[in-house]
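In: fold the following for me, if possible:
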Amino acid sequence: MSVEILHNIAETRRSIYMLNDQLPVSKDEVVKLVEHAVLHTPSSFNSQSSRLVVLFGEDHQKLWQITEDLLRAMVNDDEKFKSTADKMAMFKAGAGTILYFEDQSVVKGLQEQFPLYAHNFPVWAEHTSAMHQYAIWNALAALNIGANLQHYNGVIDEKVAETWNIDSNWKLIAQMVFGGIAAPAGEKTFEPIEKRLKVYGK
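Out: Numbers count the residues shown, from 1 in each chain. Predicted coordinates for the structure are as follows:
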């Protein structure tokens, strides 16, 4: 694979919010894509601490209904809740959701094994999760599958764990909604590269 292809995939990967449930590939292909990322995405100290759950169909719908119900309980005003309800409907329209977790038993084990770096392992676990998210997002984009990343952690964690029998050591990090692309992302603007990159020794 040439670097141009890698660059093209990275440029194709965008936050796509207008999704549908018509995937251009089979569900099995999506699962294989996720499996590959779990096996081959790097992690600090080769911790392999990332844990993923893929939800399709009714389970995907259930996740966003749970999220909507929990958020509605926090907002009593129907008018104020309308934009949130619209957002939940947008997520439900997708084909599935990938839940990203980090296994805190692995993190704690590394903290005990390497006490000098103990304070860093929770941060590095977040880095590990982020690499899994990016690897999968790019792979989805390469298959013409749209996706967007959400963070309803702190609101849905307990109910998610209860509903899908999630290990109590797994900490929810993010939720990636994916599906067929119903409408493309808008134009993307960029800060000047000179403000964001410095090179020395050329």
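
In: assign the most centrally placed residue in the chain to helix, strand or coil.
Out: The chain has Met176 as the residue nearest its centroid, 3.6 Å off, counting by CA atoms, centre = their mean. Of the three states, Met176 takes strand according to DSSP: H, G, I helix; E, B strand; the rest coil.

In: Asn20 contacts Phe178, doesn't it?
Out: No - assessed by CB atoms under 8 Å, Asn20 is found out of contact with Phe178, at 10.8 Å. For the C-beta atoms, the positions are set from N, CA and C on the backbone; glycine is no exception.

In: more neighbours: these two, which one.
Out: Phe178 (26 against 14; other CB atoms under 10 Å).

In: does that one really touch Leu143, like I thought?
Out: No - the criterion here is CB under 8 Å, and Phe178 misses it with Leu143 at 9.8 Å.

In: between these two, which contacts overlap?
Out: Counting by CB atoms under 8 Å, 6 or more residues apart in numbering, the residues touching both Phe178 and Leu143 are Val30.

In: ok, then the element right after the longest helix seen in the chain?
Out: Criterion DSSP state H: the longest helix present in the chain is helix 121-142. Scanning forward in sequence from helix 121-142 by DSSP states H and E, the next helix or strand is strand 146-150.
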